[in-house]
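**Student:** below are the sequence and a predicted model for it; my questions follow.
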Amino acid sequence: MSKPRTLFDKIWDTHVVSRQDDGTCLIYIDRHLIHEVTSPQAFEGLRLSGRKVRRPGAALAVADHNVPTSDRSRGIDDEESRIQVETLERNCAEYGIEYYGMDDVRQGIVHIIGPEQGFTLPGMTIVCGDSHTSTHGAFGALAFGIGTSEVEHVLATQTLIQKPAKNMRITVEGQAHAGVTAKDLVLAIIAKLGTAGGTGHVVEYAGEAIQALSMEGRMTVCNMSIEAGARAGLIAPDETTFDYVQGRPMAPKAGQWETALAYWKTLPSDPGATYDTEVTLNAADIEPQVTWGTSPEDVAPISGHVPNPANVSDEGKRDAMRRSLDYMGLSAGMAVQDIKIDTVFIGSCTNGRIEDLRQVAALAKGRQVAPGVHAMIVPGSGLVKNQAEEEGLDKIFKAAGFDWREPGCSMCLAMNADKLAPGERCASTSNRNFEGRQGRGGRTHLVSPGMATAAAFAGRLADVRDLG
Amino acid sequence: MDKFTTLRGVAAPLPMVNVDTDKIIPKQFLKTIARTGLSKGLFYEMRFDEDGKPKEGFVLDQPAYKNAQILVAGDNFGCGSSREHAPWALLDAGIRCIVSTGFADIFYNNCFKNGILPIVLPKAQVDMLMDDAGRGANAILSIDLKDQVITGPDGGTISFEVDPFRKHCLLNGLDDIGLTLEKADKIDDYEAKQNHSQPWLAG
């Protein structure tokens, strides 16, 4: 009998091209997603060294970070943004890489379109010059973000030089209460683990509450693995995964489907496989969550209060908390539900998929965005947008006073025109509440789509469960 | 990539924890298609006000630290986004070595690709170096990568760990891609094997 292996061990072992004596491995990369911000210098590097793209067919490119989410008929106003997008288009044409331009209905956030197209499949290694590549781990694929030097390395060699990560398993036992979503689970996980708690690890999410999630919910959980410092997040593929994948444009077709399926079923961790670190949470203990500070670990339940730095013993953490509260314009001890908001952002690779939008629409019927609140909804892709419009969700959004926009990364990182003004406060379904992330001086509270909707109607952070 | 063998320079203290890559270089500087000249965006919001006027007080702008080549930083330095613009900006500002109790994985990796040495040490030793770095222009540290030793301003030494392969690449300024392309036949073999065992991945 061979030693029981984890899902991560299996994917890793399958992808080792060569191994050095010190344990450093050359790992084969099956799929490479590319966007405009982290790729231009990589293509330039190839050009300067006279190297080729080894396997153009294994890559897929899209412009997402810089694209406007308003009317696109005039193109991109900002010159630097336009040059970056045009550079991607030119590089893809030169090297024979498939590219979804702004006028392609398949255009969208890179981590939304991979799964949507069936480009993301179980058992693969997937990389992208973007930390939220961890999203694709929801399929039982080893997916992680890389820097631009490594983007160039993958383009030239279809491999990366790496050492294996440590294994961590996070088990969420039991069933989540109504109103508690994948976003709340992952925020609770990050709060427990800390923003550096996953460093050096690949995290496998397990347990009843994880298995009960749809593929889209699983993507939300894996997406934010990086916010706990993990290299990647993984969820074992099962029927939910296979049902989602089957029939997508780039998924295996009949004939190969059965072979692929048989292989994917061998991927889940073996009984008795061991992990370097184990963490357990009980879903029943988790309320809808919000962040109060400037690190994704700064989490409180919606019924809770802003914490007091005086109660923190670690000096570094205490200073960070003081700085956070000062930046966020909050005082220790105030009720989370008393925090008034100016803006709502629903979208991003964390929560920009159709199920997220359906949740918002279900709550929005017959309600109105509070006076003075700007509430924007940015679909994750052109296909998500079309689907929402086919279902009539856009009409519900507009009737309720939401601003319904074109797909892209938008205010998650505010590289396009969508940004917060200094001091503006936002309930956001995105993934980072860092200082300045959504615009200089902007104040971000991370929440689920349902909670963002509740905040839009109340004009303050509010409990989605009170909407009934 | 420039070699890293020994470095003797001023160390600047940055005791904040969880310094994320958005803080190291905010998004407006990511619109470039070049990898040079990024020091203008380094720690931008801590150094410049909303109108782009310099703010006073940030450590790297103080006269004693203008030429700092080493940063002694708080825990979990470089967390968040994968942007390699963060190490590019640090390098462009002359930083070749960062010492902390911990780094985020992607940033840590990106440093090695750019000839920057990130050193992880226990808290007590980072605290000591943070104190040393507080001495202004006298905060001179010497770093010897070959022997894996940091020598402080008073001659005290601290040894550090570094992955042997990464050390080899830094010491010799090696190009990873060139090294990997030497194994092209192994990659060919792998692809042939995979085309057979997982034919749905071909194409």
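**Tutor:** Received it, and whenever you're ready, just let me know what you need.
**Student:** so residue A:188 belongs to a helix, correct?
**Tutor:** Yes. Note on residue A:188: a helix contains this position according to DSSP: H, G, I helix; E, B strand; the rest coil.
**Student:** burial of the nearest residue in space to it that is not next to it in sequence, as a residue count?
**Tutor:** If the residues on either side of it in the chain are set aside, residue A:188 comes closest to residue A:286, at 4.6 Å by CB to CB, 6 or more residues apart in numbering or on different chains. Glycine gets a C-beta too; all of them are placed from N, C-alpha and C. Using other CB atoms under 10 Å in any protein chain shown as the criterion, residue A:286 is surrounded by 22 other residues.
**Student:** and the pLDDT for residue A:286?
**Tutor:** As summarised for this prediction, residue A:286 has a pLDDT of 98.
**Student:** surely it and residue A:186 touch.
**Tutor:** No. Counting by CB atoms under 8 Å, residue A:286 sits too far from residue A:186 to count as a contact (10.1 Å).
**Student:** longest helix anywhere in the chain?
**Tutor:** I'll assume chain A. For chain A, the longest helix by residue count, based on DSSP state H, is helix A:79-95.
**Student:** I was thinking of chain B, sorry if that wasn't clear
**Tutor:** Identified as the longest helix of chain B according to DSSP H is helix B:184-197.
**Student:** in that helix, which residues are buried?
**Tutor:** Neighbour counts using 16 or more other CB atoms under 10 Å in any protein chain shown place B:187, B:190-191, B:194 of helix B:184-197 among the buried residues.
**Student:** what residues are up against the residue nearest the centre of chain B?
**Tutor:** Nearest to the centroid of the C-alpha atoms of chain B, with distances taken as CA atoms, centre = their mean, sits residue B:111, at 3.9 Å. Contacts here follow CB atoms under 8 Å, 6 or more residues apart in numbering or on different chains; on that basis residue B:111 touches B:78, B:87, B:98, B:103, B:117-118.
**Student:** those residues also near chain A: which ones?
**Tutor:** When those are checked against chain A using CB under 8 Å from any CB of the partner chain, the ones in range are B:87, B:103.
**Student:** buried residues in the longest helix of chain A?
**Tutor:** Buried residues in helix A:79-95, defined by neighbour count with 16+ other CB under 10 Å: A:80-81, A:83-85, A:87-89, A:91-92, A:95.
**Student:** ok, and what's touching the following helix or strand past it?
**Tutor:** Using DSSP states H and E, the next helix or strand after helix A:79-95 towards the C-terminus is strand A:98-100. The list of residues contacting strand A:98-100 from outside it, by CB under 8 Å, 6+ apart, reads A:57, A:59-63, A:88-89, A:92-93, A:106-108, A:113.
**Student:** who wins on neighbours among those?
**Tutor:** For those, counting by other CB under 10 Å, the largest number of neighbours falls to residue A:108: 31 neighbours.
**Student:** so that residue touches residue A:387, yeah?
**Tutor:** No. Using CB under 8 Å as the test, residue A:108 is too far from residue A:387 to be in contact (11.5 Å).
**Student:** re earlier: which one of the buried residues of helix A:79-95 sits closest to chain B?
**Tutor:** When those are compared for distance to chain B (CB to the nearest CB), residue A:80 comes out closest, at 3.8 Å.
**Student:** that closest one is in contact with residue B:32, isn't it?
**Tutor:** Yes. Here residue A:80 lies in contact with residue B:32, judged by CB under 8 Å, at a distance of 7.2 Å.
**Student:** can the lowest-mean-pLDDT helix or strand in chain A be said to contact chain B?
**Tutor:** When the helices and strands of chain A are compared on mean pLDDT, DSSP states H and E, helix A:315-328 comes out lowest with a mean of 94. Yes. Between helix A:315-328 and chain B, judged by CB under 8 Å from any CB, the touching residues are A:316-317, A:319-320, A:323.
**Student:** does chain A sit close to the strand ranked longest in chain B?
**Tutor:** Under DSSP state E, the strand in chain B containing the largest number of residues is strand B:6-14. No. If you take CB under 8 Å from any CB as the test, strand B:6-14 misses chain A, and the best it gets is 11.8 Å.
**Student:** in its sheet, what does that strand sit against?
**Tutor:** Strands that pair with strand B:6-14, judged by DSSP bridges, come out as strand B:70-73 (parallel), strand B:140-144 (antiparallel).
**Student:** quick one, which of those strands is packed in tightest?
**Tutor:** Using mean count of other CB atoms under 10 Å in any protein chain shown, the stretch among these with the largest mean neighbour count is strand B:70-73, at a mean of 26.
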